[in-house]
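# quick one: sequence and predicted model below, then my questions.
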Amino acid sequence: MTSERPSSWSPAIAELKFAGHLLVQNKVVLAGTLIAAAVIITAIVGPVIISPDVATSINLPIRLMPPSSQHWLGTDDYGRDLFEVIILSTRLDVSASLTIVGVDLVIGVLVGAFSGFIGGKIDEGMMRVTDIFLSIPGLVLALAVAAALGRGLNNLILAIIIVGWPGYARILRGQVLAEKERLYVDALRALGIGRLRVIIRHIIPNTIYPVLVQATLDLGGVILTFAGLSFLGFGATALTPELGRLITAGQSYIFQAPWLVAFPGIAILIISLAFNLMGDGIRDVLDPRLRR
Amino acid sequence: MAGAAEVTDTREALLQVKDLRLNFHTYAGEVKALDGVTFVVKKGEAFGLVGESGCGKSVTALTIVGLLPENASVVDGEIMLGADNLLKTPPEEMRKIRANRIAMVFQDPTTFLNPVLTIGEQLEEVFLLNPDRLARVAAERKASEEALMEIKAEDEKTGTEREPTESTRKISKSAKKKVAKALSIDVLTEVRLPDSERTLKQYPHELSGGMRQRCMIAMALARNPDLFIADEITTALDVTIQAQILELLRELKKKLLGSTLLITHDLGVVAELCDRVAVMYAGNIVELATVKELFANPLHPYTQGLMRAIPMIDRRMERLETIPGSVPDLIYPPTGCRFHPRCPFAFERCKLEKPELIHVGKGHTVACHLFGEGKA
Amino acid sequence: MTQTVLEIKRLKKWFPITGGILGRVKGWVKAVDRVDLEIKEGETFGLVGESGSGKTTVGRCILRLIEPTAGQMIYRGQDITKLKGEAFRRVRRKFGVVFQDPYASLDPRQTIKGALTEPMKYHKTIGSDEEAVERAKDLIKRVGLNEDHLYRFPHEFSGGQRQRIAVARALTTDPEVIILDEPTSFLDVSVQAQILNLLSDLQKEFNLTYLFISHNLSVIEHMSNRVGVMYLGAIMEAAEKDIVYRRPEHPYTHALISALPIPNPELVRQRVVLAGDVPSPVNIPSGCRFRTRCPYATEFCAEKEPPLIARQPGHLVSCHYDLKLSAPIPILETSRKT
């Protein structure tokens, strides 16, 4: 006889539905998202289809061959099929980036949330720490930390992680400062609910969106940083299938075999661009609605 | 619509709203906000439009002045201001009408007043916009002697002889400003702002809520409008400030030659200020009568429910009587009479057929199947 | 003789205003400057005042959402002003609150079930999860909603329904006192009636004590047993409701009651209209804070602040003079038909 009630769904799912709706409408963003999805699939599926042994199978007689029907992207200075190596590398690059951003998110969110909510001297102290980190350009700082930690893949990942979390902490702290003034927080406190629970179960879920958006935007940049520092010699060793490393190796042959530098470079470009576009799209879609 | 027109009073109609239907397009669906609103505001009367939130009273006012948001569309109906149908008036003409004939004052003075201009500058703007009107208003209000002397002096300099209204039109800008300033002080005094000269130099944020509200009313008066629309102007104010504004409006009512359309949810305000009142529910007018008649003899079940739900000081009650349920979703409004799901007297016909406004005597009309022909 | 449940003595809450490069304290917003009140078991104490009166701040101080600057708050003989830790947590459970804005007082990402069971689980007042859900179902029905509403989110409810949920949530810790901070101000008249009836019913059923804070004089009159009138951070008058509304002795109370528009066109009002605006709580007038708007102010009023004295038992007034004011609302000749 009267109105129909929409079925119950959580605000998060409702927003995602709406977001998806809008995402599909912007063609460029859609393209980026699809490519990003393709990249991730490649990263997962690649090393299954193409045996990881390809990375270590040195086959000097066929080295430095230009692209052909047998070797789509040519071969590198070890005689490895460049196409296969690039596919293998996506796993390393993508998983490293996801790990870095993921860990940074966790650290940044926890630090930002507690710092912002508790305030006082703890907050002051934390903000000075983040100030120090944020006052030095990220790449340079990562370089310094990586150099200090020494060579090796794990050290490189650690270095970038160390450098990356203050940004998220800052963003989240800002959100938390506003959120803790909201009426429902007062209601929870009046009920006697402790601060820890309020922060974890209430404040963080309500403030995490802008940080998540920033994280997806950062994916593209982190891939570049990771590949870039690998290119400079940190992280991956000679035979490890990693895009930055491939470019390092290809440098020496840039005139004889330009494809050794071009194709890995294009791959880095595509991956980081795709993640960037996806991040842009997510931000455009979610941002205006983040301001509640 | 037979019987809906006023038959008892012989005063002329200033504003006639006929069968106004309006929808809002939203992401969730079409909101049928106004469902055939009909009423008449006569010259010189204070007409109250009362109802709870979402009933469409503010929307009606915005439709009259032509300030609807983009997603609104008028589906049907007429709004006649004198001989003009406001719904068919082009935007430029509407702007002029808003400048000269209708003045609307809102609940929140802070959003209405320009924060970067002083009160004096804003009032001046209202006066200077239209030199003809300036002349007319000056003549009507008998602008202060000083200002008129200036005009006379200027005339003597140029050696011309004119009618006072003609003079004001043709004088220099600085002289116009003087007239405007004199009129501004005049109008601020009328709204009982102490120290009007000083107020002219102040910015809106320097004034309190009550004073800003008075400035808004002053700006409305400055136009000497035919129709003065006040949308919940006392709602945001403290009780004692509200009392000041109510007293002011009561005094101005006697002086204002035009009509007032007062929109509010507060029946107390209606009882004090209005001559006639219409009760709105879910986009319809459900009852319309003189104020005395409505309070003495409320007929529509919603009106009755509303009056019983309000805690009133002059009445002692254990429990307030409530209207069960809640306001309907206007995207999927109830069939027939929109109030029927909550009405204690609803019967079959109420679900099927929407009741028309029927005249039941003494200028009292009601839209309910319990009255008029064919009642159960 | 009914027990006193809550006693407030000389409560003060001053907010510092900092300024300048060094962030020094330039002045104080004296939101609450002198509040004394006493609430007895099972009664509703109406705290009424206009904006800037400090009434909301009093509520927040009692709940310890903000810390009082001075004064004492005593709950059943126990001083709770500075209580901390486990003892404080236990006392907190005895107080419930319903806030003004139903659209902001619930976590938008939490189901109603979560909102209701969380306090129970946190305080471990309920044994198991199932019991908590059972109790939640009980409470949600008690406030007039359905069981399946538990699985929905706040945005799916109207303002009135959300306030019902807020009331249910206040009851989850088995409180004795509920602070109601303008609970119906954002609601329509017909919904307000429903909520007020609900509050009355619950009060009788659970023997609750209410501190009802509002600027709406009609609602306060309907709900309260005793009423306290606040102005610029202090109590001007406190007494039984009938006395406050019909025979007030403080000129502010008198003006306030006479200002109220009454929905009765037959009534001719002789209204006391106060001149000017409310002073800022940063600059409270010397002596009696009401003197700048009081029609009866004298020079003495500027020199000394009148203490809050019981002129008759139970009737406290803060005014130097016994003004013998007329009834603010004239008695009706004609009775209303409904």
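Nice, I can see it.
# for the residue of chain C found nearest chain B, which non-adjacent residue is closest in space?
At 3.0 Å from chain B, residue C:261 is the closest residue in chain C, using C-beta to the nearest C-beta. For glycine as for every other residue, the C-beta is placed from the backbone atoms N, C-alpha and C. Sequence neighbours aside, residue B:268 is the residue nearest to residue C:261 in space, at 3.0 Å (criterion: C-beta to C-beta, 6 or more residues apart in numbering or on different chains).
# mind checking the SS state of residue A:46?
Three-state assignment for residue A:46 (DSSP: H, G, I helix; E, B strand; the rest coil): helix.
# surely it is in contact with residue A:93?
No. Under the criterion of C-beta atoms under 8 Å, residue A:46 makes no contact with residue A:93, lying 11.2 Å away.
# the more surrounded of those two?
residue A:93 (29 against 20; other C-beta atoms under 10 Å in any protein chain shown).
# neighbours of residue A:59, just the number please.
12.
# can you give me phi and psi for it?
Backbone geometry at residue A:59, expressed as degrees, to the nearest 10, gives phi -140, psi 80.
# in three-state terms, label the residue lying closest to it once chain neighbours are set aside for me.
What sits nearest to residue A:59 in space, not counting adjacent residues and going by C-beta to C-beta, 6+ apart, is residue A:79, at 3.4 Å. Three-state assignment for residue A:79 (three-state DSSP): coil.
# tell me the pLDDT at residue A:79?
pLDDT recorded at residue A:79 is 81.
# hang on, the earlier thing: from residue B:250, how far off is the residue of chain C closest to chain B?
11 Å (C-beta to C-beta, to the nearest Å).
# now the common contact residues for those two.
Jointly contacting residue C:261 and residue B:250 under the rule C-beta atoms under 8 Å, 6 or more residues apart in numbering or on different chains are residue B:272.
# pick out whichever of these two has more residues nearby.
residue C:261 (24 against 14).
# touching, that one and residue B:274? I think so.
No. With contacts counted by C-beta under 8 Å, residue C:261 stays clear of residue B:274, the gap being 11.4 Å.
# output the below-cut-off pLDDT ranges for the stretch 101-250 of chain B.
B:130-175 (pLDDT under 70).
# chain A too?
A:1-9, A:14-16, A:18-25, A:285-292.
# quick check: residues of the stretch 201-338 of chain C near chain B?
With C-beta under 8 Å from any C-beta of the partner chain as the criterion, the stretch 201-338 of chain C meets chain B at residues C:215, C:217-219, C:221-223, C:245, C:255-267, C:269, C:271, C:273-274, C:276-278, C:329, C:332, C:336-338.
# so where do the helices sit in the stretch 101-250 of chain C?
C:112-123, C:129-142, C:159-171, C:189-206, C:217-223, C:241-246 (DSSP state H, counting those that start in this stretch).
# the ones you listed: which one's closest to chain A?
That would be, of the helices of the stretch 101-250 of chain C and by C-beta to the nearest C-beta, helix C:112-123, which comes in at 4.6 Å.
# who's residue B:277 bridged to?
residue B:48, residue B:289 (DSSP bridges).
# residue B:78 now?
With DSSP bridges as the rule, residue B:78 is bridged to residue B:18.
# can you verify my assumption that residue C:57 contacts residue C:32?
Yes. In terms of C-beta under 8 Å, residue C:57 counts as a neighbour of residue C:32; the distance is 4.9 Å.
# neighbour-wise, which of these two wins?
Neighbour count, other C-beta under 10 Å: between residue C:57 and residue C:32, residue C:32 has more, with 30 against 23.
# part of a helix, is that one?
No. Under three-state DSSP, residue C:32 falls outside any helix and is assigned strand.
# still on that earlier bit, quick check, pLDDT for the residue nearest to residue C:261.
Predicted confidence (pLDDT) for residue B:268: 88.
# hmm, it is touching residue C:267, no?
No. Shown here, residue B:268 and residue C:267 do not form a contact pair, counting by C-beta under 8 Å, at 9.9 Å.
# what's the closest non-adjacent residue to residue 109?
All of this refers to chain A. residue A:172 is the one closest to residue A:109 (C-beta to C-beta, 6+ apart), at 5.4 Å.
# oops, wrong one, chain C.
Going by C-beta to C-beta, 6+ apart, residue C:109 has residue A:205 as its nearest residue, at 5.2 Å.
# again with residue B:125
That would be residue B:117: by C-beta to C-beta, 6+ apart, it lies 7.6 Å from residue B:125.
# residue B:213 too?
Per C-beta to C-beta, 6+ apart, closest to residue B:213 is residue B:109, 5.2 Å.
# touching, that neighbour and residue B:204? I think so.
Yes. Residue B:109 is within contact range of residue B:204, at 7.3 Å (criterion: C-beta under 8 Å).
# what do those two both touch?
By C-beta under 8 Å, 6+ apart, residue B:109 and residue B:204 have these common neighbours: B:212, B:215.
# okay, these two: which has more neighbours?
residue B:109 (23 against 20).
# may I have stretch B:98-114 exported as CSV, CA atoms only?
In CSV, the C-alpha atoms belonging to stretch B:98-114 read as follows (Å, rounded to 0.1, in the frame of the first residue of the first chain):
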residue,chain,number,x,y,z
ARG,B,98,11.7,39.1,-7.0
ALA,B,99,13.3,42.5,-6.8
ASN,B,100,10.1,44.4,-6.7
ARG,B,101,7.0,42.5,-5.9
ILE,B,102,7.9,39.5,-3.8
ALA,B,103,10.4,39.5,-0.9
MET,B,104,11.4,36.2,0.6
VAL,B,105,13.1,35.9,4.0
PHE,B,106,14.7,32.6,5.0
GLN,B,107,15.4,30.7,8.2
ASP,B,108,19.1,31.1,8.2
PRO,B,109,20.1,34.8,7.8
THR,B,110,23.8,33.8,7.6
THR,B,111,23.4,32.3,4.2
PHE,B,112,21.2,35.0,3.0
LEU,B,113,23.3,38.0,3.8
ASN,B,114,26.5,38.7,1.9
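# quick one on the thing from earlier: could you check how far the residue nearest to residue B:125 is from residue B:203?
Distance from residue B:117 to residue B:203, by C-beta to C-beta: 8 Å.
# nearest residue to the middle of the chain?
No chain specified, so I'll use chain A. residue A:219 (2.6 Å; C-alpha atoms, centre = their mean).
# was after chain C, sorry
Centre-nearest of chain C using C-alpha atoms, centre = their mean is residue C:213, 1.9 Å out.
# now the helices for the stretch 251-376 of chain B?
B:267-273, B:291-296, B:301-309, B:348-352.
# nearest to residue C:125, out of the ones you listed?
helix B:301-309 (36.0 Å; C-beta to C-beta).
# is any part of that closest one close to chain A?
No. Applying C-beta under 8 Å from any C-beta, one finds helix B:301-309 out of contact with chain A, separated by at least 15.7 Å.
# what is the rounded mean pLDDT of that helix?
Per-residue pLDDT over helix B:301-309 has a mean of 91.
# check contacts around the nearest residue to residue C:164 once chain neighbours are set aside.
Nearest residue to residue C:164, sequence neighbours excluded (C-beta to C-beta, 6+ apart): residue C:143, at 4.2 Å. Residues in contact with residue C:143 (C-beta under 8 Å, 6+ apart) are C:164, C:165, C:167, C:168, C:198, C:202.
# could you do residue C:4 as well?
By C-beta under 8 Å, 6+ apart, the residues touching residue C:4 are C:38, C:39, C:40, C:41, C:76.
# residue A:175 now?
By C-beta under 8 Å, 6+ apart, the neighbours of residue A:175 are A:112, A:116, A:207, A:210, A:211.
# which residue, other than its chain neighbours, is closest to the first one?
With sequence-adjacent residues excluded and distances taken as C-beta to C-beta, 6+ apart, residue A:112 is closest to residue A:172, at 3.2 Å.
# pLDDT at residue C:307, what is it?
Value listed for residue C:307 in the pLDDT field: 93.
# got the contact list for the residue lying closest to it once chain neighbours are set aside?
Nearest non-adjacent residue to residue C:307, counting by C-beta to C-beta, 6+ apart: residue C:318, 6.6 Å away. Residue C:318 makes contact with C:234, C:235, C:236, C:237, C:250, C:288, C:305, C:306, C:307, C:308, C:309, according to C-beta under 8 Å, 6+ apart.
# right, I'll call it a day here.
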